[in-house]
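In: Return atomic coordinates for the entry below.
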Amino acid sequence: MTFVPAATLSDRSYIGLVLSQFLAAFNDQAIHIVAIFYASDLLHGYAHLEGFDQKTIVSIVTACFISPFFLFSPLAGILADKYSKQKTIVFWKVAEIAITALALAGFLLPHTVGWGWVEPKTLAVISAFMVIAAVFLMGTHSAFFVPAKYGIMPEILHTSVLSRGNGLLEGTSFVSQILGTSFGGFLYYKFKNHENPLAGDEWIIGAVLFALAFVGAGFSMLVAKIPAAAPDRRLTLNPLVPLTRNFGELARSRPLVLAVIGIAFFTFMTIFVRQTLLYQGESTKELNNARMRLTRYSVAANQTSDTAPAPATSSANQATTAAVSATKNGDEHGLDELWISILVALVGLGVGGGCALAGKLSGSRLELGLVSAGTTLLVILTAGLSVVAQSSNLEGTGTLWNKLAESVTAQWPTILCLIAIGFAAGLYIVPFYTLLQHRAPKDSKGNMVATSNFMNVTGGLLAIITFFFVTSLLQLLRGNLIPAKIAAESVDPSKLREFVAQLERQQSIPQTLFLAASLITVMIFCLFIWLRPDFPLRTLSYFKYPSRRALGAVNADHLPSYGPLLIVSNAATLEQWLCVVSVIDRTVRFAWQPGGSETGLLAKLTVASGVGTALSRNESQQAEQVFTAAARSFAKGDLFGISTSYETLLSDYARLVERLTSHSSTNSGAEKIKLRLLPVLFTPAITPRKAEDAIHSTAPRVIVGDALPAETPLTEVVKQLAKL
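Out: Sure thing, here's the model as predicted:
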């Protein structure tokens, strides 16, 4: 049975996929952020479990969500290709129902404290770890769901709408993450018990997630039944077998390597920024509670001094004991979780908008020029956030909305920075996901996505490790000497004052972490430019040339993923060549004959980066110049382009191709892939002279033909260009 990909985003299968993944992402984020707050209150604030402070809980819960990708991605990739991706999607949406049931049971467990069957603190620990276990299982759900989700995209959507489909899919995914994060933070504030953590109504959150899992499973049924991509693929539980094979496939295609690295860094940055925001919220909450305990101690001490005479030492101790015991288990504010969940959601809001815009700007092509734009913005904005970021202050009287409004007014620079960071990340990530889907072999797209997930979790775990150790180091440098448990149980007011001062010194740690994120992004950007020197050119040409922004791409998927290719095109000017470069996802270097007006920054950058070889005016040297540049490009695994508009080169075409064929077959690696020719046609925009002829207007297009043997005569190549 064959399945024809849809050329429109109104296809039933695509709609079912978008809706089912929307609810999956919603539940992922809701249970994730609630688990962090819930575990922090029960393990750290109530049970005072040894070794479980804010940064540890944030790291553990985050690791529980992403570690399944590390454990199960190889198997998930095999299953996504061996079996129908539609069946995989439906299965895991049904499994989501059972996972949310476990979370619901964990939230209900504290209500059995009256049975007397276990100590309250032990019950709190069990309940918290049940919810954390649900986070791990939701991560497992995602590890198997995501390869099927991204792998099925090029199977249900035509290449011409794949970028827009990815933009909408990613945009709605992050909108759902916004709603899930906000929903989790708001309802946790509403249903937690601020005096007794075991008496809250968090089970209502679990019940809602349980119901949404049922709805999501229903939407997954809309996806049409699609045949398996590789039903004969051997199933193995040894993760090294598929990983070795997939990494071998990756090594053959530099675009795939680039896509995997780019997506892995996105995961790193997302988790690192998220952990920083959550740490900021939890540390602020602890500081506010410590201040409140200190204030109550002072009030109690003053009241004791005005009552009946008693030994001074005894009275002070009684006052301190009363003040501390009255508040050591309670969360005096409860709004810090809500506020920080809003900040996390704002990042998702920006990502959703950035993804949607990236899909629109890409049009019918893969627009890698957006990567440089997004990365540059990330560097600037994370550095800016390190300056404007500040802790929330939700103290005082007034309604919830008044307090939130005051925080928005006070922290509007932080809010704008977070939204803008998300927006930049959205511009950055859509081209990489499209590149991964576009370049992955047709019979192993699920496997490639799973391998990408494996690299993602590597980036995520690296983010967790980096966050944990950098934060620990910064805490030590700022005097992290008094454990929270000792401060909570101490009746010594001086100890409590010292603890408050310690927490105040640590309030600048998130700003340092944001600056670290900016520096890491700079290093990654340098790596991208080293791998792909054409990235800045793609971005600058997009803004300089109107033809680039309106450019259409035809048959871009005809481009082979690896092997030496000599592009033969009618492109002559720098603008036309950069249009050709922007459509092809592999690195293209080309021979270019500068004109009188092409001497600006873009022209200089083209030559300096080695992407464009400016031909000398000495015609006798041009063929040798082209051969040297092309041979160098093929040795790097890149492509090289020549124009049919340059008569001097065409007169020596046969000898040039013969020399390149001999050189490339000798230096093409173990497989000895021979040089091939790729006809690529550039057609300029057609602007009607009369208004009534507007229907015949067309945008500029780049049309990619089929690869031809190197022995193909020039006349035949020109004929192929004419056919295009």
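
In: other SSEs contacting the host helix or strand of L187?
Out: Using DSSP states H and E, L187 sits within helix 162-191. Helix 162-191 makes packing contacts with helix 12-39, helix 120-156, helix 203-220, helix 335-362, helix 412-439 when contacts are defined by 3 or more CB pairs under 8 Å, 6 or more residues apart in numbering; DSSP states H and E. The way it works is simple: take the backbone N, C-alpha and C, and place the C-beta from them, glycine included.

In: Now with 6 Å, please.
Out: helix 12-39, helix 335-362, helix 412-439 (3 or more CB pairs under 6 Å, 6 or more residues apart in numbering; DSSP states H and E).

In: Just give me the lowest mean pLDDT stretch among those.
Out: With a mean of 78, helix 335-362 has the lowest mean pLDDT of the helices and strands packed on helix 162-191.

In: Sort out which residues of it are buried, please.
Out: Buried residues in helix 335-362, counting neighbours by 16 or more other CB atoms under 10 Å, are found at 335-359, 361-362.

In: Give the rounded mean pLDDT of the helix or strand that comes right after that helix.
Out: Of the helices and strands lying after helix 335-362 in sequence (DSSP H and E), the nearest is helix 369-388. When pLDDT is averaged along helix 369-388, the result is 89.

In: For helix 369-388, which residues meet the burial criterion?
Out: For helix 369-388, a neighbour-count test (16+ other CB under 10 Å) marks 369-386 as buried.

In: which of the residues in whatever helix or strand comes next after that helix are buried?
Out: Next along the chain after helix 369-388, taking DSSP H and E as the criterion, comes helix 400-410. By neighbour count with 16+ other CB under 10 Å, helix 400-410 contains the buried residues 403-404, 407.

In: ok, now stretch 454-468?
Out: Of the residues in stretch 454-468, 454-464, 466-468 count as buried by neighbour count, 16+ other CB under 10 Å.

In: Next: stretch 529-543.
Out: Quick answer for stretch 529-543 (16+ other CB under 10 Å): 532-542.

In: before we move on, the earlier item: how about the helices and strands packed on helix 162-191 in CSV, adding distance to E716?
Out: Listed next are these as CSV, based on distance: least, CB to CB, whole Å:
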stretch, distance to E716
helix 12-39, 40
helix 335-362, 33
helix 412-439, 28
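
In: Could you pull up the contacting residues of L109?
Out: With contact set as CB atoms under 6 Å, 6 or more residues apart in numbering, L109 has these partners: S127.

In: any idea how far Q720 is from it?
Out: To Q720, L109 is 70 Å away according to CB to CB, to the nearest Å.

In: Paired strands for whatever helix or strand L566 lives in, with orientation please.
Out: Element membership for L566 (DSSP H and E) is strand 565-569. With DSSP bridges as the test, strand 565-569 is paired with strand 639-643 (parallel), strand 676-683 (parallel).

In: May I see the buried residues of stretch 641-650?
Out: By neighbour count with 16+ other CB under 10 Å, stretch 641-650 contains the buried residues 641-644, 646, 649-650.

In: so after the strand holding L566, what's the next helix or strand?
Out: Remark: after strand 565-569, the chain's next helix or strand is helix 574-583, criterion DSSP H and E.
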